[in-house]
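J.: Just need the structure, nothing else, for what follows:
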Amino acid sequence: MLSAFRSALTTPDLRKKILFTLGIVAVYRLGANIPSPGVSFPNVQQCIQQVEGGENSGVYSLINLFSGGALLQLSILALGIMPYITASIIVQLLTVVIPRFEQLKKEGQSGQNKLTQYTRYLTIALAVLQATGIVALAVRGVLFQGCSLPVIPDTSVFALAVMVIVMTAGTAVVMWLGEQVTERGIGNGMSLLIFASIAHRIPAEGKNILDNSGGLVFAGVCVFGLAIIASVVFVEQGQRRIPVQYAKRMVGRRMYGGTSTYLPLKVNQAGVIPVIFGSSLLYLPSLIAQLAGGSDGSGWFQQFVQTYLVDQSNWLHIVLYVALIIFFTYFYVGITFNPDERADEMKKFGGFIPGIRPGRPTAEYLNFVLSRITLPGSLYLGIIAVLPNFFLGITGSGQNQNFPFGGTAVLIMVGVGLDTVKQIESQLMQRNYEGFLR
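T.: Have a look, this model is predicted:
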């Protein structure tokens with residue numbers, strides 16, 4: 001491992017890509033700590049310290065996780081990369097519903113460029129909506145429940161409009177930074193920015209556990225976290241390899257085909273998308289309750305949401321969360337992997353699964369295998385996502401969904417880390433160096 005890192009840093013072009021990526025991440029983290037114009041930075045810091053649960057409470061905790069804590073600080077990059085993620089998911093889902101999008105997806109690079117352009121436009125629109133909602137919650141005093149300090153002293157229309165414009169522009173800058181990393185750096189730029197946002201919070205979370213629960217609990221959490229990471233790596237690497245053979249065919253005087261390969265079906269085919277969908281849907285009632293009833297918690301609907309949906313250690317919250325993750329796992333896998341299309345492609349190029357006839361029987365077999373794999377994959381996502389809920393009382397973290405070694409955070413960090421290591425390894429192998437994995 002260390003020799004591979006040394007080889008990567010001693011290769012001039014690869015070292016340049018790594019340093020460029022680190023520079024972009026540093027710029028992103030710097031922008032996440034610059035407050036937006038019109039925000040009282042001292043009051044914001046006091047409110048974060050006063051409110052129990054700190055920056056991990058509230059309906060926007062998922063966005064705050066992806067922005068690396070920049071959301072509740074109301075910085076210029078407060079929205080982070082979340083609008084782009086939401087826009088990408090929406091465009092991907094629309095490719096199944098809208099025939100025009102499906103046609104663009106099949107056109108290759110030109111169609112993909114058009115879909116990317118639509119994603120950028122939708123990202124800006126979603127950024128405007130989210131920035132407006134965050135500013136409105138901050139003005140009404142709902143963003144920091146229990147803190148009466150004015151985080152935005154000037155509530156004029158012009159000042160609020162400037163804040164919304166600055167936050168929207170910050171989202172555009174984050175999107176551009178991510179694309180630059182993808183083109184000129186190492187790994188997927190958007191994923192690496194999310195990785196940096198989550199990773200920088202781990203030391204603070206660890207210190208919080210150490211201060212509140214002592215060294216013994218902190219050591220237990222570290223051991224438990226390493227076990228979770230090892231388990232996630234094991235499952236993320238797991239796949240069902242379906243053998244595929246291609247028949248020999250003559251084209252002119254040359255013979256093509258006759259090769260054997262396999263079709264890999266991952267155990268976790270949906271990635272972290274079902275967890276994001278489930279978290280967002282569970283936060284929707286809380287957002288409606290806060291916007292409708294304010295922060296006093298009066299009314300039966302507000303009390304029900306506060307008791308059963310906001311409290312993450314409640315059994316109803318856990319059951320709903322797992323059920324939503326299982327549902328969205330099947331839903332997302334069903335729209336992203338089409339067995340009929342795969343069977344037609346294999347039949348078109350002369351491929352077949354040994355013992356299975358090409359065409360419809362192949363599609364039925366792929367659908368059968370995929371449904372059998374999706375169930376343990378969805379249960380695995382649900383277990384990892386709700387693990388933090390069982391340790392809230394032990395660690396003394398309050399309503400802290402962003403437990404350092406569980407849920408959305410560990411799934412994203414492990415997935416991005418594996419993908420980045422594989423990309424560095426592939427570039428090292430092109431230069432005849434040994435990779436990370438032996």
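
J.: distance from the centroid: which residue in the protein tops it?
T.: Using C-alpha atoms, centre = their mean, the residue of the chain lying farthest from its centre is Arg253. It sits 50.1 Å away.

J.: What is the neighbour count of Val166?
T.: 21 (other C-beta atoms under 10 Å). C-beta here means a position set from N, CA and C on the backbone, and glycine is covered the same way.

J.: tell me the contacts of it?
T.: By C-beta atoms under 8 Å, 6 or more residues apart in numbering, the contact list for Val166 reads Ser36, Pro37, Ile76.

J.: please redo it, this time with the cut-off set to 10 Å
T.: Neighbour list for Val166: Ile34, Pro35, Ser36, Pro37, Gly38, Val39, Leu74, Ser75, Ile76, Leu77, Ala78, Ala131 [criterion: C-beta atoms under 10 Å, 6 or more residues apart in numbering].

J.: With Tyr84 instead?
T.: Applying C-beta under 10 Å, 6+ apart, we find Tyr84 in contact with 66, 119-120, 122-124, 126-127, 171-172, 174-175, 178-179, 190, 193.

J.: what do you get for Ser371?
T.: The contact partners of Ser371, by C-beta under 10 Å, 6+ apart, come to Tyr330, Val333, Gly334, Pro339.

J.: So for those residues, which is the shakiest by pLDDT?
T.: Least confident entry in those, by pLDDT: Gly334, with 84.

J.: rewinding a little: pLDDT at the residue farthest from the centre of the chain, what is it?
T.: What the model reports as pLDDT for Arg253 is 70.

J.: swap in the one 3 residues further on?
T.: The pLDDT attached to Tyr256 in the predicted structure is 63.

J.: immediately after the worst-scoring helix or strand of the chain on mean pLDDT, which helix or strand?
T.: Lowest by mean pLDDT, DSSP states H and E among the helices and strands of the chain is helix 392-395, with a mean of 51. On the C-terminal side of helix 392-395, the closest following helix or strand by DSSP states H and E is helix 407-430.

J.: Could you give me the buried positions within that next one?
T.: Residues 407-417, 420-421, 424-425, 427-428 are the ones in helix 407-430 that count as buried (16 or more other C-beta atoms under 10 Å).

J.: same deal with stretch 90-103?
T.: For stretch 90-103, by 16+ other C-beta under 10 Å, it's Val91, Gln92, Thr95, Phe101.

J.: Which members of the residues you listed are the farthest-apart pair?
T.: Pairwise distances across those (C-beta to C-beta) peak at 9.0 Å, for the pair Gln92 and Phe101.

J.: quick one: common contacting residues for those two?
T.: The contact lists of Gln92 and Phe101 share Leu115, where a contact means C-beta under 10 Å, 6+ apart.

J.: what about the helices in the stretch 301-438 of the chain?
T.: With helices called from DSSP state H, counting those that start in this stretch, the stretch 301-438 of the chain shows them at 315-336, 339-348, 360-386, 392-395, 407-430.

J.: same thing with the stretch 101-250 of the chain?
T.: Taking DSSP H, counting those that start in this stretch as the criterion, the stretch 101-250 of the chain carries its helices at 109-140, 157-184, 189-199, 202-213, 215-237.

J.: looking at the ones you listed, which is buried most?
T.: For the helices of the stretch 101-250 of the chain, the largest average neighbour count (mean count of other C-beta atoms under 10 Å) is found in helix 189-199, namely a mean of 23.

J.: Just the angle for that one relative to helix 157-184, thanks.
T.: Counting by axes from the mean of the first three to the mean of the last three C-alpha atoms, to 10 degrees, helix 189-199 lies at 110 degrees to helix 157-184.

J.: Taking helix 407-430 as reference, get the angle to helix 189-199.
T.: 130 degrees.

J.: how far does stretch 7-21 sit from the chain's center?
T.: Put simply, stretch 7-21 sits 26 Å off its chain's centre (C-alpha atoms, centre = their mean, to the nearest Å).

J.: list the buried ones in it?
T.: Within stretch 7-21, the residues that count as buried by 16+ other C-beta under 10 Å are Ser7, Ala8, Thr11, Leu14, Lys17, Ile18, Thr21.

J.: same deal with stretch 317-324?
T.: By 16+ other C-beta under 10 Å, the buried positions in stretch 317-324 come out as His317, Ile318, Leu320, Tyr321, Val322, Leu324.

J.: These into a markdown table, with extra columns for distance to Ile273?
T.: Output for those, formatted as a markdown table (distance: C-beta to C-beta, whole Å):
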| residue | distance to Ile273 |
| --- | --- |
| His317 | 20 |
| Ile318 | 20 |
| Leu320 | 18 |
| Tyr321 | 15 |
| Val322 | 16 |
| Leu324 | 12 |
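
J.: Tabulate those residues in CSV, adding columns for pLDDT and distance to Ala87.
T.: Shown next, in CSV, are these (pLDDT from 0 to 100; distance: C-beta to C-beta, whole Å):
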residue, pLDDT, distance to Ala87
His317, 80, 28
Ile318, 83, 30
Leu320, 88, 26
Tyr321, 86, 24
Val322, 89, 27
Leu324, 89, 21
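
J.: and which of the residues you listed is nearest Ala70?
T.: Distance to Ala70 across the buried residues of stretch 317-324 (C-beta to C-beta) is lowest for Tyr321, with 25.2 Å.

J.: I'd like to know how far the closest one sits from Pro42.
T.: Distance, Tyr321 to Pro42, by C-beta to C-beta, to the nearest Å: 36 Å.

J.: Report the two of the buried residues of stretch 7-21 separated the most.
T.: Ser7 and Thr21 (17.2 Å).

J.: what's the domain layout of the chain?
T.: Using automatic domain parsing, the domain parsing of the chain gives 1-198+408-438, 201-405.
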